[in-house]
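Undergrad: Fold the following for me, if possible:
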Amino acid sequence: MKDKKALVVGMGRSGIAAAYALINAGIKVSVQDSKQKDAIDPEALKIFEAKGIDMFFGSVPEDMSSFDSVVVSPGVPTDLGFIKEAKAGGAEVIGELELAYRLGKGSYAAITGTNGKTTTTTLIGEMFKAAGRTTHVVGNIGVAVVSKAAQAEDEDWLVTEVSSFQLETIDEFHPKVSALLNLTPDHLDRHKTFENYIAAKARVFENQTKEDYAVLNFDDPLVMKLAPEIEATVVPFSRVEELPFGAFVKNGDIVIRDHDEKLITFCAADDLLIPGTHNLENALAATAVAWFAGVDKEAITKALTTFAGVEHRIEDCGTVDGVKYINDSKGTNPDAAIKAIEAIKENIILIAGGYDKGSDFTEFVEAFDGRVKHVILLGTTAVKIKDAAEKAGFTATTIVKDMDDCVKEAARLAKEGDNVLLSPACASWDMYGSYEERGRHFKKCVEELRK
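TA: Numbers count the residues shown, from 1 in each chain. Have a look, this model is predicted:
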């Protein structure tokens, strides 16, 4: 890309990081965002202005044929008119993940799937760090890959959470170890069909060779259906089956049966601090990724038995007046929210709703049975979820306008021993900039109850 012109589209975290990396690499950069200038990070603006960068905010360049490449942020659809125009003119369209792979050093462990990515990625990072490896935990988890890849050395590892949006725009990206945790319908507003979504996720394997490893959920038929097309060595993991090769549970222990059929035992499944059967699956996947990346047994076991989970994923926010408050703002689709409901088990006052990604809420509502006492709804999907609940015979629903009212109403309804669970089953974009912002607001509202 030397002596080339690049347009970076989208000025969120990854877009700004991509622009910085390109500038530092001596490439002529322009930046674009649909937002107006006053909505862009002021520190980034200062740097762009000091470097004489062409900026297009609330507009697009008139001549897209002048760019050799377009680097799109994950949230930017590649079928926008001006991006298609650039591609038709011969420009290469890539994402920040692909850019990071080209510009940086280090080896990649790439984790994708519909649910569990952040927990699994963070846990793998802890395993690598416990082994004394220089490790960067990056990607969809909230740290732009290129911001660390550009500084990495050959022996470093980039443990990377990758989304379907990021995988849409790869070309050469080649992880040494990959993992596909599960597949359920998500982001259909962007991908249009479930088949397109699966195809995007499966791209994580496309550049791997037989010397690499692909960790797959043996218990998910849609995931295992992809196995015959994968060039890498497939390592299955299972919560319910004993396997001839891979990670599984045997006599209550997390184990791996290796290439030589040797059985390696790490810890008891009950020793995990993270609750729920879905987190046992995440732990099995993490163990497999770390083991086949060469991490030693002691480091893996230490991480498994000390890891307490991630913020915004079944996060205990404390007890007020005998009622426990739980932040699962990262439950951004129905399947993730179902797993949170199943992990809490009973006496749940559920807060749900948000941006509509085209999800079906039938199975989500079915999970209420015997567990959820009342549902408090907000956001653009509130009526849609209420209708789905009533169709299933669940009528204990209330629609409110914002998170403050959600928490106040939950506190009014809850009795001692109940659990107030924020697990929206929806994205946050109708009311918040991110699920993190939504989760922090929930926690602030809970703190207000203590006053």
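
Undergrad: All the strands of the stretch 51-200 of the chain, residue numbers only.
TA: Assignment of strands within the stretch 51-200 of the chain using DSSP state E, counting those that start in this stretch yields the ranges 54-57, 69-72, 92-95, 107-112, 135-139, 157-161, 177-180.

Undergrad: who touches stretch 288-301?
TA: Outside stretch 288-301, the residues that touch it by CB atoms under 8 Å, 6 or more residues apart in numbering are 107, 109, 111, 120, 124, 127-128, 130-133, 157, 176-177, 179, 213, 215, 233, 235, 237, 246-247, 256, 258, 264, 266-267, 287, 303. C-beta here means a position set from N, CA and C on the backbone, and glycine is covered the same way.

Undergrad: returning to what we had before: could the strands of the stretch 51-200 of the chain go into JSON lines alongside mean neighbour count, mean pLDDT and distance to residue 367?
TA: Below are the strands of the stretch 51-200 of the chain laid out as JSON lines (neighbours: other CB atoms under 10 Å; pLDDT from 0 to 100; distance: least, CB to CB, whole Å):
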{"stretch": "strand 54-57", "mean neighbour count": "16", "mean pLDDT": "97", "distance to residue 367": "43"}
{"stretch": "strand 69-72", "mean neighbour count": "26", "mean pLDDT": "96", "distance to residue 367": "36"}
{"stretch": "strand 92-95", "mean neighbour count": "23", "mean pLDDT": "96", "distance to residue 367": "34"}
{"stretch": "strand 107-112", "mean neighbour count": "27", "mean pLDDT": "98", "distance to residue 367": "24"}
{"stretch": "strand 135-139", "mean neighbour count": "25", "mean pLDDT": "97", "distance to residue 367": "29"}
{"stretch": "strand 157-161", "mean neighbour count": "28", "mean pLDDT": "98", "distance to residue 367": "25"}
{"stretch": "strand 177-180", "mean neighbour count": "28", "mean pLDDT": "98", "distance to residue 367": "23"}
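
Undergrad: Narrow the contacts of stretch 288-301 to just the buried residues.
TA: 107, 109, 111, 120, 124, 127-128, 130-131, 133, 157, 176-177, 179, 213, 215, 233, 235, 237, 246-247, 256, 266-267, 287, 303 (16 or more other CB atoms under 10 Å).

Undergrad: Keep only those of those residues that are in helices.
TA: Among the buried ones among the contacts of stretch 288-301, the members falling in helices (DSSP state H) are 120, 124, 127, 128, 130, 287, 303.

Undergrad: Quick one: these as a markdown table, columns for distance to residue 414 too.
TA: Listed next are those as a markdown table, based on distance: CB to CB, whole Å:
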| residue | distance to residue 414 |
| --- | --- |
| 120 | 32 |
| 124 | 36 |
| 127 | 38 |
| 128 | 41 |
| 130 | 39 |
| 287 | 37 |
| 303 | 35 |
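
Undergrad: and which of those is nearest to residue 420?
TA: The closest of those to residue 420 turns out to be residue 120 (CB to CB; 26.4 Å).

Undergrad: excluding its backbone neighbours, what's nearest the closest one?
TA: Nearest residue to residue 120, sequence neighbours excluded (CB to CB, 6 or more residues apart in numbering): residue 282, at 4.5 Å.

Undergrad: And the one you found, which helix or strand is it part of?
TA: helix 277-292 (DSSP states H and E).

Undergrad: List the buried residues in that helix.
TA: 278-292.

Undergrad: Tell me which of the residues you listed has the lowest pLDDT.
TA: Least confident by pLDDT among the buried residues of helix 277-292: that is residue 278, with 91.

Undergrad: and the closest residue to it other than its chain neighbours, what is it in contact with?
TA: The spatial neighbour of residue 278 that comes closest, neighbours along the chain excluded (CB to CB, 6+ apart), is residue 339 at 4.1 Å. Neighbour list for residue 339: 115, 276, 277, 278, 331 [criterion: CB under 8 Å, 6+ apart].
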